[in-house]
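> I would like the atomic coordinates for the input below:
(4 chains)
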Protein chains: 2
Amino acid sequence: MEALAHPRQRRKQARPAELTAAALELFVEKGFAATRLDDVAARAGVSKGTLYLYFDGKDALFKAVIQEGIVPILEAGAGLVDTFEGGSAELLRTLIREWWQRIGSSALGGVPKLMISEARNFPELAAYYNEAVITRGRELMRRVLRRGIERGEFRAVDVETAIDVIFAPVLMLLIWRYSLGACGCGGHDPESYLDTHLDIALRGLATGEAT
Amino acid sequence: MEALAHPRQRRKQARPAELTAAALELFVEKGFAATRLDDVAARAGVSKGTLYLYFDGKDALFKAVIQEGIVPILEAGAGLVDTFEGGSAELLRTLIREWWQRIGSSALGGVPKLMISEARNFPELAAYYNEAVITRGRELMRRVLRRGIERGEFRAVDVETAIDVIFAPVLMLLIWRYSLGACGCGGHDPESYLDTHLDIALRGLATGEAT
DNA sequence: CTCAAGTTACTGACCGGTCAGTCAGTATCT
DNA sequence: AGATACTGACTGACCGGTCAGTAACTTGAG
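A predicted model of the protein is given here:
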């Protein structure tokens, strides 16, 4: 109400962002349940009490990490799909490569595995993630596949199923990387893995001949 | 040394099997870290102390679950691949459907998600699983793909990558089922999901025309 | 057959360590 | 002297693993 009366009260309000950054790192490293708030605080250079000045608790901290990190990227993806001009195969390629750039190979890359791991033990977080991320992500894939089918570029596969079938290898690449892949169990070069996947999938989707 | 002197000392030595069955259920339900040994014991109808008569601790219990449950199934799979006569596309279909029957839709279905979730926090268990399960499973897929390429049925894709690209949607189906899918976040009918996947993948692999 | 001694199978209270969340207190501004 | 930002010791609940004790069964001497 009268808050505007203070001309110079916040010097460096980057504090919450530092906290969510530290939390993201540790959630990805250890999982949600196994991350200690003491460690999050220590990594951000504050004490545990300070955490509670900015977030109501562990759950709220988690939601803030997702909201800040992933939601804006999905919005950018929607922009891409809306304005893209060109073949739908090319759009699918671009969307998946963009996703790999912005999420897969960034600090956010561990989030899908994190959610899969913790969903059953923290159903409220799962519901939040489903609504904030998964539903919106599927909507992007849906638009691309429908576009391709309408334009006669893709066969008339079952769209709702194909969304997940086609995105699955991309997710698995990431999930692997942040689970058994991190234990020296061998992995793949992301570039050639995505190439092989898109090669097989786009050829499998195509109506007539390739591009 | 003189143990053979007792003619009738064991009546029902099914105890360890009951314990691993209870452990499998709870590991799949809650994860490895979040499962309490008290609960495993209670579900098997014994006390926690009894668990330690049969297993050295939580880790050993876990390894016994995998060894008993999954390793024999992989051996059966190797038999199938060795003796199969017919098209390689058909073999791939059969192998994946068999896997879905014996593992995917059984009580063991939660194991892949379990391992992915816990691998980083329990690297020793991950190493065991990698050696006992993943390496052998990949070997099966490798043989099928090589067979198809050698017989001119499949294109000469990069086999090591294709193994994982093709198996990824099958794994994701299961992973989903035991993570967000268990929180009412929507899922797929396994039959039509596998159909869609095999349709796209086999068409993407094929050299000339379909079967 | 009887009963004590020995053996096996099992129990559950307990210990030591962990961690989310609390809050009385300190420090640094205005 | 009051407001704001932050601290870290503390609490209560939790759980893997331990172990002294109990119960049930077997053996064999009398």
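> can you pull out the helices in chain A?
For chain A, the helices defined by DSSP state H occupy A:15-30, A:37-44, A:48-54, A:58-69, A:71-83, A:88-99, A:111-118, A:123-129, A:135-150, A:159-177, A:190-205.
> which of those sits most buried?
helix A:111-118 (a mean of 25; mean count of other Cβ atoms under 10 Å in any protein chain shown). Every C-beta, even on glycine, is put in place using the N, C-alpha and C of the backbone.
> Run through the neighbouring helices and strands of it.
Packing partners of helix A:111-118 (3 or more Cβ pairs under 8 Å, 6 or more residues apart in numbering or on different chains; DSSP states H and E): helix A:15-30, helix A:123-129, helix A:159-177, helix B:111-118.
> of all those, which lies closest to DNA strand D?
helix A:15-30 (5.5 Å; Cβ to the nearest atom of the strand).
> I'd like the helices of chain A as JSON lines, with mean pLDDT appended.
Converted to JSON lines, those look like this (pLDDT from 0 to 100):
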{"stretch": "helix A:15-30", "mean pLDDT": "91"}
{"stretch": "helix A:37-44", "mean pLDDT": "92"}
{"stretch": "helix A:48-54", "mean pLDDT": "91"}
{"stretch": "helix A:58-69", "mean pLDDT": "93"}
{"stretch": "helix A:71-83", "mean pLDDT": "94"}
{"stretch": "helix A:88-99", "mean pLDDT": "94"}
{"stretch": "helix A:111-118", "mean pLDDT": "96"}
{"stretch": "helix A:123-129", "mean pLDDT": "94"}
{"stretch": "helix A:135-150", "mean pLDDT": "96"}
{"stretch": "helix A:159-177", "mean pLDDT": "93"}
{"stretch": "helix A:190-205", "mean pLDDT": "91"}
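> want to throw these into TSV with distance to residue B:140?
As requested, those are exported to TSV (distance: least, Cβ to Cβ, whole Å):
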stretch	distance to residue B:140
helix A:15-30	32
helix A:37-44	41
helix A:48-54	48
helix A:58-69	37
helix A:71-83	37
helix A:88-99	28
helix A:111-118	24
helix A:123-129	33
helix A:135-150	30
helix A:159-177	18
helix A:190-205	19
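> Relative to residue B:184, which of these is closest?
The closest of the helices of chain A to residue B:184 is helix A:123-129. By Cβ to Cβ, the value is 7.8 Å.
> ok, that closest one near DNA strand C or not?
No: judged by Cβ under 7 Å from any atom of the strand, helix A:123-129 stays clear of DNA strand C, getting no closer than 11.7 Å.
> Pull the contacting residues for residue A:157.
By Cβ atoms under 8 Å, 6 or more residues apart in numbering or on different chains, residue A:157 lies in contact with A:145, A:149, A:205, B:196, B:199-200.
> now swap in residue A:171 and tell me
Contacts of residue A:171 (Cβ under 8 Å, 6+ apart): A:112, B:168, B:172.
> Okay, domains of chain A per the record?
Segmentation of chain A into domains, based on automatic domain parsing, reads A:9-57, A:70-205.
> for the longest one, how far is the first residue from the last?
So that's domain A:70-205. Start-to-end span of domain A:70-205 (Cα to Cα, to the nearest Å) is 29 Å.
> Contacts only, for residue A:91.
Shown in contact with residue A:91 (Cβ under 8 Å, 6+ apart): A:81, A:84, A:144, A:147-148.
> from what I can see residue A:138 touches residue A:163, true?
Yes: judged on Cβ atoms under 8 Å, residue A:138 makes contact with residue A:163 at a distance of 5.5 Å.
> And the domains of chain A: which comes nearest DNA strand D?
Of those, nearest to DNA strand D by Cβ to the nearest atom of the strand is domain A:9-57, at 2.1 Å.
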